[in-house]
Every structure is written in C-alpha cells, then in structure tokens.
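# need coordinates for the following:
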Amino acid sequence: MFVLACGIYFSASAQQQIVFDSAYMVMQNGAELVIDNSSPTAIVNPGAGWIVSEAELNEVKWNVGNSTGNYIVPFGFSTTNYIPVNMNITVAGDASGSLKFSTYHGPTWDNLTYTPTGVTNMHGNTVADNSAKAADRFWVIDGSNYTTKPTSGITFTYIPGEITAAGNTITEANLFAQRFNTTGNTWADWYGTWGTDNAVLKTVFTGTVSPANLLRSWVLADRSAPMGVTPVTAQPVSVSACGVFDTSFTVVDTGVGMTYQWEVNTGSGFANVTNTGVYSGATNATLHITGGSAVMNGYIYYCVLGNGLLNSDTVKITISSGPTVIATANPTDICRGSSVSLTASGAVSYAWLPSASLTCSTCSNTTGTPASSVTYSVVGKDAFGCTDTQKVAVKVDTLPVPVVSATQKICEGHLASINASGGSSYSWSPAGSLTGANTSNPIASPVTSTTYTVAITNGACSVNDSVIVIVNPNPVGVSASGGTTIAIGSSTNLTGTAPAGDNYMWSPSSSLSCNNCPDPVASPTTNTTYTLLVTDNNGCSASDTVEILVNENCGDIFIAGAFSPDGDGHNDVLYVRGNCIKDIQFMVFDRWGNKVFETADKTMGWDGKFNGQPMNVGVYGYYVEAKLIDGTTVQKKGNVGLVR
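Residues are numbered from 1 along each chain as shown. This next block holds a predicted model:
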C-alpha cells in the first residue's frame, strides 16, 4: 500500500506509465495525483490495484489535453472493492485541459450530510431529502483550463452494499446517473437519459454526455423516484372545440434537457402520439393539433416527461356540435316608424347585426326600429364558443298616399261608383250597401246620404280616408192620366201631374202632339202605353204610365150625297170620312168634266167654291183614292149634290 498524504506530481512522456501490480494507493488530506500523460494507457493494469480517494478533495488530475479514448481511473474502496470510473472521450476538448476525479462513500444513508461542494440538496419530487433513493457514494468530475470541454460517456462502478445499506429503498435495476446542476441548484438531469444499469458488472453507463453536462457532482439514484425531479409547473388544459379546429396542449417543467412524449387515448387505451396527420410537437412541451375534427370528441391526452418518470395531468377534447339558433321577427312586415320584436334562442350569448336600429345588440330578445327593409343576422354562441348564425328579414313599408274620389251625388235608388288609390289593398265601410267592399272601386247603393270610409293599406301601413255619397230624393206626386179607348185614326188628350218646376218627357213621342208638355194630344194607331218621366233640378226623376187602347176596325170610307155650303155651320164642307185614312187623293168635277177641287190632305174638304167663287147648285162628280193605315187602298167615285 502506498499512502499519498499531501500530493504527488507524476510527469511522464507517452511511454511513461503508472503500473499497478497487486497494490493500491491511499490518498489523504487533500492529496492530488497528477498524471501528465494524455494517453489513456498512462495507467497500466487498472484493477490489479487501485486508488483509494474517499474524499472530495483527494483528486486524480489527468492532463488529457485534446486526446480521446477510454480513460480508466482505478478507484477502489479500501482494499476490498474495485470501483473504477471509465471516461470514454469521443470528442476532444482543449489541448491545455485537464480532468479531475474523486469519489467518496457516505457513511450513512442520509447523503444530505455528506454532499460535495456546490450540492445544496438531495431533493426529490415530493420530499426535501430523497437520500433513501440515492446510492451512498458521490463522484466528482471536474476540469480546468477548458474553453471547449470534451464529449464523453461515463461508466460508474458501484458497490452493492452502498445500494442496499440500511435506510435505502433502491431497486438496483432502476439505477441511473444524475448530475447536480449548480446553475439551477437542482439534480436537474433526472429524466433517465443518463443511465443504463448492468447488474452483473455493477455498473451504470451514462451514454454520451454533452460538454455542458459532463462536469461536477454525480450520484447513482433510483429512476422511479429520482433526485431533484422538477415538478410540472403548468399543466395542460382541456379544450372544447367546434367542427374543424386548431388547438394545442402545453406542459411546463423547468427540468434541464427535459424529454416529452405525448400520449393519446382514442377509446382503446393510450398510445404514443406521432408527428403525423393533425399532430405536431409530439415530443415537445407543446402538442399542436391542426385541422382536428369531430371524430376526436372525447380523446384524452397526457404528457410523459423524463422518459417515463413523470406524467402530466390528463386532458380531454370535447367537440361541440354547436348551437342550433332559432331566430324570429314579430311582425316580419312593419310600417316605417314602427318596431319589430326580435327573438333568438338555442345559444348562450348572442350578437345581432346590423345593430344601429336595435335597443340591444347582445340580448336574446331585442327591439328594432329599422328605417328601411333589412335582414338581421344573429350569431349565437354556446358554452364552448361554437357559433351558429341565423337571419330574419323584416320588410319596412311606406305609408300610403291616399287619393279618393270627390263627393258623389246620386238620386234615390241609383248607384254610385266610388274610387280610392295609393295602396295595395282596400277595405270600405259600411260594407252593407257596397258591392266589392274590398276593392279600390266598389259600387255604392245607399238609401240615404252616406259617408264611406276606406282603409288604404300598403303592407303593414294603413291610412283612412272617406267619400261622401249624397242621395237626392226622386220627385213625388208624378202621375200620367187620360187613359181611354179610341177608334183608330182618332186622338185623345193625356194629362201629366208633377211638382212645379220639374221637366216633363213623354214617350213614345211619335204619336204625340208634343213630348215635353204636361198635356199632349195622343193619336196612336195601335194600343200604346205612354210613359211620363219627370226630372227635377237634381237630375232625379219619377215616372208614371197611361195606356190608350185603339179600336183598329177601319170600316169603309164615306162621302155625303149632298152638302149645303151656305155658311150656317152645318154640312158646309164636303169631306171624305173614314177611321183609318192615312193618305188621300180627293178630286171634284163639274158636269162638263172640269176639275173644280183637289186635295191630298185628309183633313181638308170642298167648300163648294172654285177659284174663290161659289159654284152653282147642281150635281157634281167626285173621285177618291185613299190609302188606309192597314196598308189597303180604297177607290171611290160618284155624284154629290150641291144645294143652298
């Protein structure tokens, strides 16, 4: 045994070596063994002997410079346990750099009492002192003169008794290496990357350690409850989404070099999320979902941190089908200046547009007073933020400009046509004396003077106007008299009675002496009903009728055998007599055949004169050709005596 009490500087060329041959070196009182040979073979037969450090300041300083290779520091515990540290440098550091190694055993399970310089705690995730989960030994690997540190893998050899010592609760298969991060003041590298236990060789291999994480204090711990687990400081939060959506879940942990793996349960158990489809960031602190859909409703997620050492809370995606908004307007047709009640249901919150004419744009029930026709839209949102939009149209009508007919004057029993315009529909009242009370131009038949009111409507707008129909009475006391029976060819007087000042009109007028006088002479040739129409100054009229019967037996024409034109008023004129004479040709001759008289007027006769001179008493001849009213023609000739 060689005791290095204060320090030794071993300087050798690449060919100079420390050779162990069944011997061991004990370092005491802050001793330092310097190996000034950068070759990994500067120590020969490690394991045939070893170096007992057993204190933080009892260091082996190896000036490895910019060399690479597997450097074995042959530490041991007393004379019974060989516990070397292997440092396999794969990427060299600076040429002037040196590495320092030391290790020591904690005499009890409570490592907190014996931590190396700079190690301030043995915290676990939930306990202040997690020493029971750490082997009773520390390794200190330090360096000097490095700007660029090397990259290396480290193999620690452990003593089983330091794992199973009283007070420890370590599962050997769970061993892995942890380094204390003095910057974060925690055993930050807890996440299981550095540690593969070999229970046969009693070693833990870290794998490749980056330069930033290589140096200072190390311990072997149980990965099921590692040292310095940094708890999740912010958990992911469940989300609610609508239809096709984008969202993300984030977990926050301050552990240095933390690893993440998101898990998803789609209904058949949890499985790793991979960066495919809608997912990205499956191994990051934030999992992004882009273009998610309704099929993901109920999916559950959590994040595995530190290669399985810690899990986040579970979170869930809830997909809302969205609200079904029902929107109504009452009424849907209003007159300008009027209001409409708008109602929405089926959501939690609402937003109406356009909002300028509304009493409340975010209420489920609101009132609108639009100036013109408008379509309101309402966006309803449910508790998840999903929306549905509905629209309601409101028609705004303008007030009609009424145009109605002027006051009408009619006679009793007559009709009046009244008119209105300016709207799209009409309603007249009183309707009892109207035909077409719901038209723009009904026919009125009032008994007395009446004011008709019309409601003129344009959509929801309506105005009233009125038309007066004045009913004038017909003349009273109108009568026609004088009815009788006359022989054909005879005449009779008719008598009309009416209020003073009224106008008379008889019809038919062809057989009357006048048709606008009160008492015309009628000379009908057939049975005739005469109508008297009396009209007053208002144009109103009344009528009556009288019938004249005509005896249509014409008989024969007659000429007297003698006449005496002596001026005594009796039989002074020779006439052709007959009831039905219409036209006549009457001639008289003296006894020598001279024509002394001729007429075609049936009302004229011979007065016994010729050229104004009385004719002599004697016998005269005559000839008559008469056309009767029934169309027959009668001819007669004979002698007549003129006496005095």
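
# just the helices from this structure, written as ranges.
Taking DSSP state H, the helices of the chain run over residues 160-164.

# give me the below-cutoff pLDDT ranges for it.
Scanning the chain for pLDDT under 70 picks out 1-15, 125-127, 184, 188-194, 229-231, 254-257, 306-309.

# center of it - which residue?
Central residue of the chain (CA atoms, centre = their mean): residue 390, 2.6 Å from the mean position.

# and that residue, how far from residue 196?
Distance, residue 390 to residue 196, by CB to CB, to the nearest Å: 64 Å. Bear in mind the C-beta positions are built from the backbone N, C-alpha and C, glycine included.

# quick one: the residue nearest to the centre of the chain and residue 344 touch, right?
Yes - with contact defined as CB atoms under 8 Å, residue 390 and residue 344 form a contacting pair (7.2 Å).

# shared neighbours of the two, anything?
Shared contacts of residue 390 and residue 344, defined by CB atoms under 8 Å, 6 or more residues apart in numbering, comprise 325, 326, 327, 378, 380.

# quick check: closest non-adjacent residue to residue 475.
Spatial nearest neighbour of residue 475, excluding adjacent residues (CB to CB, 6 or more residues apart in numbering): residue 542 at 4.4 Å.

# okay, now residue 332: neighbour count?
12 (other CB atoms under 10 Å).

# got a list of what it touches?
In this structure, residue 332 makes contact with 340, 392, 393, 394, 395, judged by CB under 8 Å, 6+ apart.

# next, count neighbours for the third one.
When you say that, I think you mean residue 393. Neighbours of residue 393 (other CB under 10 Å): 11.

# what's the nearest residue to it if we skip its chain neighbours?
Distances taken as CB to CB, 6+ apart place residue 375 nearest to residue 393, at 4.7 Å, with adjacent residues excluded.

# give me every residue that touches the one you found.
Counting by CB under 8 Å, 6+ apart, residue 375 touches 391, 392, 393, 394.

# residues in contact with the second one?
Contacts were defined as CB under 8 Å, 6+ apart; by that measure residue 392 touches 327, 328, 329, 332, 342, 375, 376, 378.

# between the contacts of residue 332, which is nearest residue 54?
Distance to residue 54, by CB to CB, is smallest for residue 392 among those, at 88.1 Å.

# quick check: bridge partners of that closest one?
For residue 392, the beta-bridge partners are residue 376 (DSSP bridges).

# any idea how far it lies from residue 91?
Applying CB to CB to residue 392 and residue 91 gives a distance of 73 Å.

# next, count neighbours for residue 271.
Neighbours around residue 271, by other CB under 10 Å: 10.

# also residue 565?
Using other CB under 10 Å, residue 565 has 19 other residues around it.

# ok, now residue 401?
Residue 401, neighbours per other CB under 10 Å, totals 11.

# tell me the contacts of the nearest residue to it once chain neighbours are set aside?
Excluding its sequence neighbours, the residue lying closest to residue 401 (CB to CB, 6+ apart) is residue 422, at 4.8 Å. By CB under 8 Å, 6+ apart, the residues touching residue 422 are 400, 401, 402, 403, 456, 458.

# and the gap between the closest residue in space to residue 197 that isn't next to it in sequence and residue 163?
Leaving aside its sequence neighbours, residue 197 sits nearest to residue 175 (CB to CB, 6+ apart; 4.2 Å). Noted for residue 175: a distance of 7 Å to residue 163, by CB to CB.

# and for those two, which residues touch both?
In terms of CB under 8 Å, 6+ apart, residue 175 and residue 163 are both contacted by the residues 135, 220.

# please say which of these two ends up with more neighbours.
Shown here are residue 175 and residue 163; by other CB under 10 Å, residue 175 has more neighbours (24 against 19).

# residue contacts, the more buried one?
Residue 175 sits next to 135, 158, 163, 195, 197, 204, 220, 221, 222, 223 when contact means CB under 8 Å, 6+ apart.

# please name the bridge partners of it.
With DSSP bridges as the rule, residue 175 is bridged to residue 222.

# and it, how far from residue 610?
183 Å.

# how near is residue 324 to residue 382?
Distance check for residue 324 against residue 382: by CB to CB, it reads 9 Å.

# so for these two, which residue has more residues nearby?
Taking neighbours as other CB under 10 Å, residue 324 and residue 382 compare with residue 382 leading, 20 against 12.

# which residue ranges of the stretch 501-644 of the chain form strands?
503-507, 521-522, 528-535, 541-551, 558-559, 562-563, 576-577, 581-589, 595-599, 609-610, 613-614, 618-628, 633-642 (DSSP state E, counting those that start in this stretch).

# of all those strands, which one is nearest residue 99?
Per CB to CB, nearest to residue 99 of the strands of the stretch 501-644 of the chain: strand 541-551, 142.0 Å.

# quick one: list the elements packing against the closest one.
strand 479-481, strand 484-487, strand 528-535 (3 or more CB pairs under 8 Å, 6 or more residues apart in numbering; DSSP states H and E).

# tell me which of these is the most buried.
Each of these was scored by mean neighbour count; the highest is strand 528-535, a mean of 20, by mean count of other CB atoms under 10 Å.

# quick check on the contacts of residue 392: which are buried?
327, 329, 342, 376, 378 (16 or more other CB atoms under 10 Å).

# taking those together, which two end up most distant?
So, these by CB to CB: farthest apart are 329 and 378, at 10.3 Å.

# nice, that's everything, thank you.
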